[in-house]
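Engineer: Below are the sequence and a predicted model for it; my questions follow.
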Amino acid sequence: MKVVFEKAELIAAITPAMGAISSRRDNPILECLKLTATSEGCRITTYDNEKGFNVDCKADVIEEGSCLLNAQRFFGMVKNMPSDITFECGKNMVATLTSEMSQYEIQYQDPKLYPNIAEISGRQSFTLKQSQLRDVITQTMFAIAENNDRLQLNGAFFTVDNGYIHVVALDGLRFAERMIKDEEIIKTNIEVAADTEVQFIIPKKSLIEVIKLLEDPDEKITVVKARRHVMFRVKNITFHTALIDGDYIQYKRFIPKNETTTAVVSTAKLRESLERALFITEYKEAGRLKSPVKLNFYDGMLNVSSISSSNRMSDDIPAEKTGADLEIGFNCRMLLDTFRVLECEKIKLKLTTSLSAMAMTPVDDDDDSFLYFTFPTRIAEGY
């Protein structure tokens, strides 16, 4: 095997593929990338038993072949080379990387040792803009659970049909729902009825890799769903991941209803106020976090406050309130996570009691593009 690479092309190909290099030490083969050279060019493959990449790279293939290389070492060598690189597999399972007057040697392994990754055959697929996929992921991912016993909560629940994409995440203390409606979101059913929605649950760690692929907002991305996997195709990159099996939780029964208090406030002002409160609520005393953030709704105003034994903050924010006055407390960081992803100018807050979840919705009641809610924490009397 002998291949000549442009250094920049090779780095651009290896970089995304590193997202599927195993960090576990129990299988050294999964710490390798597979380099395959054919008459059509070069392909870099990585796989960690759950997710994987195939990245096609332009190269001048002098001699076809395939080998396994420790990904971290190979990537480090490539980045340190001065210019274009000639890669050649030699005797005794030793490969050389040559660039101008510089040379590295690296041991390689037989590609037959690599896991046999079955070609994913999609039953359903859809296309949408990269910006749309980025929005629904980044604006819900914070609410995905971490290592929950209910495995389905450790991922985001996707539903797609012609004209919309809908994503839900729930970790038991907060909920995020985002929907984008666009006639250009096209679903193509290959083996199922045309009116069947595409539904699946993607693990959080896989969504992190997907976000890295979404560099061109207006370009399309194709998503292909198989029975137990989903695949994303962007230009020369294919990323595939195992799905979380099982049915997602019946989340609609948790959505707050019959609110007694509503308030419309500036999203930016409340976000900035929560950022100030965070400084107090995360101040540690005797190794413990002491105080929640309190929201006090009264006529024409929302007071945001937090108190510790030696610190205090208070903000007043204009609010268009209807219904009863109400005080409610929250874990500040959990509530702030929602406001950090909101892009609307104003937000409607819906409350029932001081111990019930607070919902956050668009001001227009006919707008169903997002819904968030966060469960409160108790605040001490006189706090």
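Structural biologist: Received, thanks. Numbering: from 1, shown residues only.
Engineer: Pull out the buried positions in the helix or strand harbouring residue 278.
Structural biologist: Using DSSP states H and E, the element containing residue 278 is helix 267-281. Under the neighbour-count criterion of 16 or more other CB atoms under 10 Å, helix 267-281 has 267, 269-271, 273-274, 277-278, 280-281 buried. For glycine as for every other residue, the C-beta is placed from the backbone atoms N, C-alpha and C.
Engineer: can you check stretch 17-35 too?
Structural biologist: Of the residues in stretch 17-35, those buried (16+ other CB under 10 Å) are 17-22, 30-35.
Engineer: Over to stretch 128-138?
Structural biologist: Quick answer for stretch 128-138 (16+ other CB under 10 Å): 128-130, 132-137.
Engineer: In JSON lines, list those residues along with secondary structure and distance to residue 348.
Structural biologist: Output for the buried residues of stretch 128-138, formatted as JSON lines (DSSP: H, G, I helix; E, B strand; the rest coil; distance: CB to CB, whole Å):
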{"residue": "128", "secondary structure": "strand", "distance to residue 348": "27"}
{"residue": "129", "secondary structure": "strand", "distance to residue 348": "27"}
{"residue": "130", "secondary structure": "helix", "distance to residue 348": "29"}
{"residue": "132", "secondary structure": "helix", "distance to residue 348": "24"}
{"residue": "133", "secondary structure": "helix", "distance to residue 348": "26"}
{"residue": "134", "secondary structure": "helix", "distance to residue 348": "25"}
{"residue": "135", "secondary structure": "helix", "distance to residue 348": "20"}
{"residue": "136", "secondary structure": "helix", "distance to residue 348": "21"}
{"residue": "137", "secondary structure": "helix", "distance to residue 348": "24"}
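Engineer: quick check, nearest of those to residue 372?
Structural biologist: Using CB to CB, residue 136 comes nearest to residue 372 of these, at 13.3 Å.
Engineer: out of everything not next to it in sequence, what's closest to the closest one?
Structural biologist: residue 167 (4.3 Å; CB to CB, 6 or more residues apart in numbering).
Engineer: Looks like the one you found contacts residue 199 (just checking).
Structural biologist: No. Taking contacts as CB atoms under 8 Å, residue 167 lies outside contact range of residue 199: 11.0 Å.
Engineer: Mutual contacts of these two, please.
Structural biologist: Both residue 167 and residue 199 are contacted by 157-159, under the criterion CB atoms under 8 Å, 6 or more residues apart in numbering.
Engineer: domains in the chain, as residue ranges please.
Structural biologist: 2-113, 124-251, 256-374 (automatic domain parsing).
Engineer: Let's have the ones you listed in TSV, adding mean pLDDT and distance to residue 381.
Structural biologist: Formatted as TSV, these follow (pLDDT from 0 to 100; distance: least, CB to CB, whole Å):
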stretch	mean pLDDT	distance to residue 381
domain 2-113	95	48
domain 124-251	92	23
domain 256-374	91	11
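Engineer: Between the ones you listed, which one is closest to residue 380.
Structural biologist: domain 256-374 (8.9 Å).
Engineer: Just the buried residues of stretch 308-315, please?
Structural biologist: 308, 313, 315.
Engineer: What is the neighbour count of the closest residue to residue 259 other than its chain neighbours?
Structural biologist: Leaving aside its sequence neighbours, residue 259 sits nearest to residue 350 (CB to CB, 6+ apart; 4.0 Å). When counting by other CB atoms under 10 Å, one arrives at 21 neighbours for residue 350.
Engineer: Repeat that for the one 10 residues further on.
Structural biologist: Burial of residue 360, expressed as a neighbour count using other CB under 10 Å, amounts to 23.
Engineer: Over to the one 4 residues further on?
Structural biologist: Residues lying near residue 364 (other CB under 10 Å) number 11.
Engineer: Likewise for residue 298?
Structural biologist: For residue 298, using other CB under 10 Å, the count is 15.
Engineer: residue contacts, it?
Structural biologist: So residue 298 contacts 321, 325 (CB under 8 Å, 6+ apart).
Engineer: picking up where we left off before, make CSV out of the shared contacts of residue 167 and residue 199 and add distance to residue 321, neighbour count and secondary structure.
Structural biologist: CSV is the format used below for these (distance: CB to CB, whole Å; neighbours: other CB atoms under 10 Å; DSSP: H, G, I helix; E, B strand; the rest coil):
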residue, distance to residue 321, neighbour count, secondary structure
157, 33, 23, strand
158, 36, 26, strand
159, 34, 15, strand
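Engineer: Just give me the closest of the residues you listed to residue 99.
Structural biologist: Distances from residue 99 to the shared contacts of residue 167 and residue 199, taken by CB to CB, are shortest for residue 158, at 43.5 Å.
Engineer: No more questions from me, cheers.
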